[in-house]
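Trainee: how would this look folded up:
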Amino acid sequence: MEKPKVLVTNDDGIDCFFLQVLVEALKEHFTVFVAAPKSEQSWVSKSMSRYRMVKIEKYTGFDCSAWSVDGTPSDCINIALGNLLNEKPDIVVSGINVGYNTSLPLILSSGTIAGASEGALWGLPAFAFSIVVPKEIFNNVKRHNDHVDENFETSLRTAASISTQLTIEHIDKTSNALIVYNVNFPFPVVKDTTIKHTVPDGRGIGSLFKHIGEGTYQFDFNQSNRINTSGKLTDRDCVNQGFISYTTLNFSSIGT
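Mentor: Numbers count the residues shown, from 1 in each chain. So this is what the prediction gives:
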């Protein structure tokens, strides 16, 4: 029996270990195609390369069809669906992101979620997967693309396994709505960690830049600790409580 097809991207770059782990898990159940950025594209949101050429190269780091794209996650999915694949896949998956994508400021800025939303715009089911990463591991992965310690890798592979199962469950759930399923894993995560349906946290994250010299500012992300007063379980509070956050982002409902 022919396996269903999944198109995978991320925003941390095609060489990212987190992407490799996800692809390994998906390959057991899917024919996998990868189109991912050549270099890190975090915080680029839904941007596309309007005024420059986008270079594509075959990538041999996966045991499946893969392309390195010198562009954004949205470029990756759009070029793959419009030019690289002979037929549309059954589903689009983005991640696993290095760090969480919870709360509206991060959701609207995330290249990971943007890659998934580009797939949704083509009428495909779409998932964005992210995981909480301790600061010391985060810095090593971001700066040196180091592999992670055994304890974190166990959680990462568990997250990839759960991501695969969720992807399988949504293969046939096509919809006229533009929906992205945004899933955030806590650390640690085990196979029996509870999945809870959540809403995006509406809290802002304050200033994202620090003053480093005369007329000069540098990006400096610090998590806000503002209190949730919505009365609903938000994605941010969910992962902080040690559960898996599952948020349905229905962009079709905007303005209705």
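Trainee: can you give me the helices for this protein?
Mentor: For the chain, the helices defined by DSSP state H occupy 17-26, 73-79, 104-109, 111-121, 135-144, 150-169, 235-240.
Trainee: Out of these, which gets nearest to residue 11?
Mentor: Using Cβ to Cβ as the measure, helix 111-121 is the one of the helices of the chain that comes nearest residue 11, at 3.0 Å. In short, each C-beta sits where N, CA and C put it, glycine included.
Trainee: Are there helices or strands packed against that closest one, and which ones?
Mentor: Using 3 or more Cβ pairs under 8 Å, 6 or more residues apart in numbering; DSSP states H and E as the contact test, the elements touching helix 111-121 are helix 73-79, strand 91-98, strand 126-131, strand 179-185.
Trainee: Those into CSV, with extra columns for mean pLDDT and mean neighbour count?
Mentor: Written out in CSV, the entries for these read as follows (pLDDT from 0 to 100; neighbours: other Cβ atoms under 10 Å):
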stretch, mean pLDDT, mean neighbour count
helix 73-79, 98, 26
strand 91-98, 97, 29
strand 126-131, 98, 28
strand 179-185, 97, 25
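Trainee: So for residue 14, which of those sits nearest?
Mentor: Across these (criterion: Cβ to Cβ), the nearest stretch is helix 73-79, sitting at 9.0 Å.
Trainee: For stretch 243-250, list the C-alpha coordinates in PDB.
Mentor: As requested, C-alpha coordinates have been extracted for stretch 243-250 and formatted as PDB (Å, rounded to 0.1, in the frame of the first residue of the first chain):
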ATOM      1  CA  PHE A 243       1.200  19.600  29.200                       C
ATOM      2  CA  ILE A 244       1.100  19.500  25.400                       C
ATOM      3  CA  SER A 245      -0.600  22.500  24.000                       C
ATOM      4  CA  TYR A 246      -2.800  21.900  20.900                       C
ATOM      5  CA  THR A 247      -4.200  25.100  19.400                       C
ATOM      6  CA  THR A 248      -6.400  25.400  16.300                       C
ATOM      7  CA  LEU A 249      -5.500  28.600  14.400                       C
ATOM      8  CA  ASN A 250      -8.400  29.200  12.100                       C
END
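Trainee: Buried residues of it, list them for me.
Mentor: 243-247, 249 (16 or more other Cβ atoms under 10 Å).
Trainee: now the stretch 51-200 of the chain, which segments are flagged as low pLDDT?
Mentor: Counting by pLDDT under 70, the stretch 51-200 of the chain shows low-confidence ranges at 144-147, 174-175.
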